[in-house]
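K.L.:
make a model of this:
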Amino acid sequence: MKSFTSRRARGIVVAIAAGSLALTGCSENKGSNSGADSKKDQKEAATQSKAVTYADAAASTGPAADVAGAKSGGTIQVYQESGLTHLDPGQIYVSDAGQVANLLFRRLTQFKEDDKGNVTVVGDLATDSGQSSDGGKTWTFKLKDGVKDSNGSAITSADIRHTVERQFAKFIFDGPPYLQQWLAGKKYASDYRKLLPGGGFDGKHLPASVLDTPDDKTVVFHFDQARPDLPQTLAMAGYAVVPEKTDTKEKYDTAPVATGPYKIASYKVGKSLVLAKNTNWDPKTDSVRHQYVNGFDFQFGVTESTQTKRLIADQGDDKNAIQFTGGVEATQIQDVIGNASVNKRTVKGYQPYVMSLSFNLDRVKDLKVRQAVTYAVNSKSLIAGEGGAYGGDVAPNYFAPTLPGYEANYDPYGRLKTPQGNLAKAKEILKGVPASEKTLVYAYNNNEPGQKRKVAIEDALTSAGFKVVAKEVDSASYYEQIGKLNNPYDIYITGWGQDWPSAGTVITPIYDGSLVSDGSPNYSHVKDAKVDALIQKALTQEPTEAAATWKEAQHYLLEKVLPGAPLWYTKSFQLSGSNVGGARYSSVSSLIDMTRLYLKS
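P.N.:
Numbering: from 1, shown residues only. Okay, the predicted model is just below:
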């Protein structure tokens, strides 16, 4: 999942913020008071790498278990610096929109977690997590009774078919690609959109041999090879249902129809978003979400420093407020952890994101330049801007500690020994490199974290002998701008985290050469035959065999291709008001769990 620079993209895409934090597998999921012990945090974060389980109909039946002490009523204030990237489910692939999606939209399946961080896949619109046959090539889902959209219309298999087919439309460019690619199969491996270029809007539909809806309650997917991860894929916000008769194509991005416990009451792009209760949501059909508060009032444009000050002070409406994808501002972390009454209002967790300085390989073609940058960048300075040990850990490679196959000591560029950067090595590599190649155009996010990162990147690269031309990019469209193939930038910070516990959800989306296109998360435009071959090999292997292939792919990418310089692993450290109850870290969203919040009074 791409990080939203805080998204932490992180953080998701996040950059998001900072927390001390480690999610433990044996204690209640409220975070911890640690932060200074990175090795301990990483060991505990490994609990997030365990495979999820697939649940039956009983576990998929609502209502969700009550949150202890929860009350109904009131409005939660939500503070966020950047505006939302998208609200059309098909476009959602970053943390900010994904958080909103948990309140607004439902999909065939959904992730469900307990207070110890154990995650299962349950049926959301479907009665269970799906039934496979034909060796895993065929998956069948039955829809629950009583599921309606916010207009009161029943959700049928036709809506599911439409949701899938519209993913092939050209105006959908920013969401996850997995399902579309799998349905298109090998025949359309180079361009999955060719399977259904009209996205179903032209009267043409996917053949029943690919997607079958034999009746209003049944959806059947047919693939050309086993797809054991389908239930996890369908649980992504990007595959939430879009009712066919209310689809307004491009306009849907600002006025979508809700199926979750809340609906949009008003939305001013980049300024505010007000959510109110969806009276057509039936808790008996939902085993994950709650509807305790009357609504959520999102305020955009509130900087992390302002958020933190207001939440520390805890006055008036701030008592009813939360941070959304941002976190405690770095310079105020000590003010939080040093005050026990404030610190107990924090939510902390190790996120799955790896922040990297990505190279546009169409522009930065000299491997020596990429190597010099990688040695020069100062992870220590960058992490300091995120809150030090509460904000992140040095990343020596592309796999986060939450990912199966993580190699803590795989450090080909000496990041762990020289987190402040190795300028001598960078300068040595640059000897003989033409002066014209030492000028780098750096795109940076114009929010507070982005400004701090800009300073750290400029200082490090300038000291190594580069000339840095910094270009400001609006935070709400940051990933859209750097996601354009013909973007005018050489380098930019990106974040990526696993979509589920598999290295395939890291290597495939961001390094598969067949995915190089506008809006693709292959931000470096990697097109390498060996990488593509390793990806295809791993996708046909059993998990144990695949793990070795993914490892080989990472080593080759880092040592021979070098599409980006790994910088840091992110942590979440968020603060909420004293009247907010039910707050906990979600290992699924890597942020505060929005589905169970309530106001104490």
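
K.L.:
contacts, neighbours, all on C-alpha from now
P.N.:
Fine.

K.L.:
host element of R453?
P.N.:
Assigned by DSSP states H and E, R453 belongs to helix 448-464.

K.L.:
that helix packs against which elements?
P.N.:
helix 367-376, helix 379-386, helix 423-430, strand 439-445, strand 467-473 (3 or more Cα pairs under 8 Å, 6 or more residues apart in numbering; DSSP states H and E).

K.L.:
at 10 Å instead, please
P.N.:
Helices and strands touching helix 448-464, by 3 or more Cα pairs under 10 Å, 6 or more residues apart in numbering; DSSP states H and E, are helix 304-313, helix 367-376, helix 379-386, helix 423-430, strand 439-445, strand 467-473, strand 491-497.

K.L.:
which residues of the stretch 51-200 of the chain fall in strands?
P.N.:
53-54, 75-80, 109-113, 119-123, 131-133, 138-142 (DSSP state E, counting those that start in this stretch).

K.L.:
again with the stretch 501-601 of the chain
P.N.:
All strands of the stretch 501-601 of the chain, identified by DSSP E, counting those that start in this stretch, fall at 564-575, 580-581, 585-586, 591-592, 598-599.

K.L.:
still on that earlier bit, among the helices and strands packed on helix 448-464, which is the most enclosed?
P.N.:
strand 491-497 (a mean of 30; mean count of other Cα atoms under 10 Å).

K.L.:
need the CA coordinates for that strand. PDB is fine.
P.N.:
The C-alpha coordinates for strand 491-497 follow below in PDB (Å, rounded to 0.1, in the frame of the first residue of the first chain):
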ATOM      1  CA  ILE A 491      14.100  12.000  -7.200                       C
ATOM      2  CA  TYR A 492      11.200  12.000  -4.700                       C
ATOM      3  CA  ILE A 493      10.500  10.300  -1.400                       C
ATOM      4  CA  THR A 494       7.900   7.500  -1.500                       C
ATOM      5  CA  GLY A 495       6.600   5.100   1.000                       C
ATOM      6  CA  TRP A 496       5.300   1.600   0.500                       C
ATOM      7  CA  GLY A 497       3.900  -1.100   2.800                       C
END
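
K.L.:
show me the contacts for N102.
P.N.:
Residues near N102 by Cα atoms under 10 Å, 6 or more residues apart in numbering: 110, 236-237, 240, 260-262, 288-289, 589, 593-595.

K.L.:
er, A58 I mean
P.N.:
V122, G123, T127, D128, S287.

K.L.:
the third one - how many residues pack around it?
P.N.:
The one in question is T127. T127: 22 surrounding residues under other Cα atoms under 10 Å.

K.L.:
please tell me how far it sits from V121.
P.N.:
The gap separating T127 from V121 is 12 Å, by Cα to Cα, to the nearest Å.

K.L.:
quick check: neighbours shared by these two?
P.N.:
Joint contacts of T127 and V121 (Cα under 10 Å, 6+ apart) are D56, A59, S60, T109.

K.L.:
among the residues you listed, which ones are in helices?
P.N.:
A59, S60 (DSSP state H).

K.L.:
about what we covered before: the strands of the stretch 51-200 of the chain: which one's closest to G414?
P.N.:
Checking the strands of the stretch 51-200 of the chain against G414 by Cα to Cα gives strand 119-123 as the closest, at 34.7 Å.

K.L.:
show me what the closest one is packed up against.
P.N.:
strand 53-54, helix 57-60, strand 109-113, helix 230-234.

K.L.:
out of the strands of the stretch 51-200 of the chain, which is closest to G385?
P.N.:
Nearest of those (Cα to Cα): strand 75-80, 18.4 Å.

K.L.:
show me what that closest one is packed against.
P.N.:
strand 272-277, strand 295-300, helix 304-313, strand 321-323, strand 598-599.

K.L.:
where does the prediction get shaky in this structure?
P.N.:
Within the chain, the ranges that satisfy pLDDT under 70 run 1-37, 44, 46-47, 49-50.

K.L.:
state which strand of the chain is the longest.
P.N.:
Scanning the chain for the longest strand, with DSSP state E as the assignment, gives strand 346-359.

K.L.:
just want the angle from it to strand 491-497.
P.N.:
130 degrees (axes from the mean of the first three to the mean of the last three Cα atoms, to 10 degrees).

K.L.:
dump strand 346-359 to CSV, restricted to CA.
P.N.:
The C-alpha trace of strand 346-359 is given here as CSV (Å, rounded to 0.1, in the frame of the first residue of the first chain):
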residue,chain,number,x,y,z
THR,A,346,-1.5,8.0,22.6
VAL,A,347,-1.8,5.2,20.1
LYS,A,348,1.5,3.6,19.0
GLY,A,349,2.5,1.0,16.5
TYR,A,350,5.2,-0.2,14.1
GLN,A,351,4.0,0.5,10.6
PRO,A,352,4.8,-1.7,7.5
TYR,A,353,6.1,1.1,5.4
VAL,A,354,9.6,1.6,4.0
MET,A,355,10.4,5.2,3.1
SER,A,356,12.7,5.5,0.1
LEU,A,357,14.2,8.2,-2.0
SER,A,358,13.0,6.9,-5.4
PHE,A,359,14.9,7.6,-8.6
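
K.L.:
neighbouring strands for that strand, and are they parallel or not?
P.N.:
Strand 346-359 pairs in its sheet with strand 491-497 (antiparallel), strand 564-575 (antiparallel), by DSSP bridges.

K.L.:
looking at those, which is closest to G327?
P.N.:
Of the strands paired with strand 346-359, nearest to G327 by Cα to Cα is strand 564-575, at 4.4 Å.

K.L.:
then that closest one to CSV, C-alphas only?
P.N.:
In CSV, the C-alpha atoms belonging to strand 564-575 read as follows (Å, rounded to 0.1, in the frame of the first residue of the first chain):
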residue,chain,number,x,y,z
GLY,A,564,15.6,3.9,-4.7
ALA,A,565,17.7,4.6,-1.6
PRO,A,566,16.1,3.0,1.5
LEU,A,567,15.7,5.6,4.2
TRP,A,568,13.7,4.6,7.2
TYR,A,569,11.0,2.3,8.6
THR,A,570,8.0,4.2,9.9
LYS,A,571,6.2,4.1,13.2
SER,A,572,2.9,5.6,14.2
PHE,A,573,2.5,7.8,17.3
GLN,A,574,-0.8,9.5,17.4
LEU,A,575,-2.7,11.5,20.1
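
K.L.:
relative to the whole chain's centre, how far out is that strand?
P.N.:
Here the centre of strand 564-575 is set off from its chain's centre by 13 Å, with Cα atoms, centre = their mean, to the nearest Å.

K.L.:
same check, this time on stretch 209-223
P.N.:
With Cα atoms, centre = their mean, you get 28 Å for stretch 209-223.

K.L.:
could you do stretch 585-595 as well?
P.N.:
11 Å.

K.L.:
now do the end-to-end distance for it.
P.N.:
11 Å.

K.L.:
coming back round to it: can I get the helices and strands packed on helix 448-464 in TSV including distance to R161?
P.N.:
Formatted as TSV, those follow (distance: least, Cα to Cα, whole Å):
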stretch	distance to R161
helix 304-313	41
helix 367-376	44
helix 379-386	43
helix 423-430	53
strand 439-445	37
strand 467-473	37
strand 491-497	28
